[in-house]
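Q: sharing a sequence plus its predicted fold:
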Amino acid sequence: MSTVVLIHGTGVRRSGFSALAGQVTAGLTAVRDGLRFVPFYWGGTHGARLAAGGASLPPEAGADRGTGQLPLAPAADDDVAAWSVLFADPDAELALAAAGARHAVERPPGSVLPEQHIQERLSALAVHSGDIVAGQAAALAQAASLLSANPLLGPAAEVLEPDDLAVTVARSLVARMIAMALDSGDPVLPDGRGREDLVDRAAQYLGASAQGSERGLRTRLLRAAGSVASRAVVRRRHALTQAAHPAAGDVLRYLCRGEPVRADLRALVADLEPPVVLIGHSLGGVIALDTLIGTPLPQVRLLVTVGSQGPFLYESGSLPSLTHPEPLPSHFPGWLNVYDRRDVLSYLGAGLFPGSVTDVAVDNGQPFPAAHSAYWTNPALYRLIAECLP
């Protein structure tokens, strides 16, 4: 009789683990008789918690917890909410303006298009971007070149006054530049004041008056940004952190202080009759991997990791028990690693440990993050595991 030890992942606590254990027991029993199931619940003893009740959280907007800091102004929150929309879609404000344009009409031959002036200025800015910004001139030049051909310029130019058009285009430019820097992993980005100064310089280069960059941001864009909802998220930070912290906190706590949970797993396995199979989901797979690397456990004949980050931690030099390119120890059991290509928290091990790991893909039919937890209702997972059980 094989003994299956189930090791849960991050953020799981008692009620959730009971449901998970029931699901796994039912799923494997349906395809394989004669299994013994032993749960390994570590979240209560070794899971992360906010020991001081969230004292590390900054105060809510408009509040002062005695830190001596000035409360955050709602208008500042609104601006940040608006720029978060622009970073996600630099065309957002242009599109909102263009939506108010009339339907396209045929123009007389030789007539000047409303967007022609701003296109000419954008083309000039692409060549002379160093006049606006030094360190990221190439990114600004690329953004200006792309924007000069943007089909939204024409409709937006019909609706907006020249000053407002120049400012709107300048914000789109700067948003593009910063978004490109974020994508490239640039560690140095302008703060809010530097961002607004850059917008003002670009807007003036595009033809706006000196005061132009201060207009228009809150009339069109903030309706789309949902600033009220954004402030509500900030106000709910305590509740959101309480809900989200177990997952991130569990990972950090394990990587810093993981030996106690490994010791508990070793003690559990030592009392079990072979053959033993360890099934670890997410961080549970990392815990099982580390435990098996560090200590020979001859009872264990198979490790099954599901949606786990063990291979990534090993390759990145973050796995506590083994450093790349060290191989798995000779006492390590067979290893089945199950992943879903849509689960961005699942990784491959065969390329790192040739001959020691079998990577098998399943399709949970869900986008991320649901894909990370949908393995347990996928019948294909249980059939796959059953085929490999000793």
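A: Nice, I can see it.
Q: any stretches of the protein with poor pLDDT?
A: Counting by pLDDT under 70, the chain has low-confidence residues at 54, 57-78, 81, 102-112, 211-247.
Q: so where do the strands sit in it?
A: For the chain, the strands defined by DSSP state E cover 3-7, 36-40, 276-281, 300-306, 334-339, 357-361.
Q: quick one: contacts for residue 128?
A: Contacts for residue 128 (C-beta atoms under 8 Å, 6 or more residues apart in numbering) come out as none. Glycine gets a C-beta too; all of them are placed from N, C-alpha and C.
Q: and it, how far from residue 202?
A: 11 Å (C-beta to C-beta, to the nearest Å).
Q: just to revisit the earlier point, need the strands of the chain in CSV (columns: distance to residue 142).
A: Putting the strands of the chain into CSV (distance: least, C-beta to C-beta, whole Å) gives the following:
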stretch, distance to residue 142
strand 3-7, 48
strand 36-40, 52
strand 276-281, 43
strand 300-306, 42
strand 334-339, 36
strand 357-361, 37
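Q: ok, how many other residues are close to the residue nearest to residue 94 when sequence neighbours are not counted?
A: Excluding the flanking residues, the one nearest residue 94 by C-beta to C-beta, 6 or more residues apart in numbering is residue 152, at 4.4 Å. For residue 152, the count of nearby residues is 21 (other C-beta atoms under 10 Å).
Q: these two touch, right, residue 152 and residue 95?
A: Yes - judged on C-beta atoms under 8 Å, residue 152 makes contact with residue 95 at a distance of 5.8 Å.
Q: residue 364: what's it in contact with?
A: Counting by C-beta under 8 Å, 6+ apart, residue 364 makes contact with 340, 342, 343, 370, 371, 374, 375, 378.
Q: which among those end up buried?
A: Neighbour counting by 16 or more other C-beta atoms under 10 Å classes 340, 342, 343, 371, 374, 375, 378 among these as buried.
Q: test my guess that the fourth one contacts residue 339.
A: So that's residue 371. No - with contact defined as C-beta under 8 Å, residue 371 does not count as touching residue 339 (9.9 Å).
Q: what about residue 335, how many residues close to it?
A: The burial count for residue 335: 24, using other C-beta under 10 Å.
Q: that one bridge partners, please.
A: Beta-bridge pairing for residue 335 (DSSP bridges): residue 303, residue 357.
Q: that one and residue 188, how far apart?
A: Here the criterion is C-beta to C-beta. By it, residue 335 lies 42 Å from residue 188.
Q: please report phi then psi for residue 341.
A: With angles defined as degrees, to the nearest 10, residue 341 sits at phi -60, psi -20.
Q: now it. Nearest residue, chain neighbours left out?
A: Once flanking residues are discounted, residue 341 sits nearest to residue 361: 6.2 Å by C-beta to C-beta, 6+ apart.
Q: contact partners for the one you found?
A: Listed by C-beta under 8 Å, 6+ apart, the contact set of residue 361 reads 338, 339, 340, 341.
Q: ok, which pair from those is furthest apart?
A: Largest separation among the contacts of residue 361 by C-beta to C-beta: 338 and 341, giving 11.7 Å.
Q: so these two - more neighbours on which side?
A: Taking other C-beta under 10 Å, residue 338 and residue 341 do not tie; residue 338 has more neighbours (25 against 11).
Q: now the more buried one: closest residue in space that isn't a chain neighbour?
A: residue 306 (4.8 Å).
Q: surely the one you found is in contact with residue 340?
A: No - counting by C-beta under 8 Å, residue 340 is not a contact partner of residue 306; they are 9.3 Å apart.
Q: what do those two both touch?
A: Here residue 306 and residue 340 have 346, 375 as joint contacts, going by C-beta under 8 Å, 6+ apart.
Q: in stretch 91-103, what's buried?
A: Quick answer for stretch 91-103 (16+ other C-beta under 10 Å): 91, 92, 93, 94, 95, 96, 97, 98, 101.
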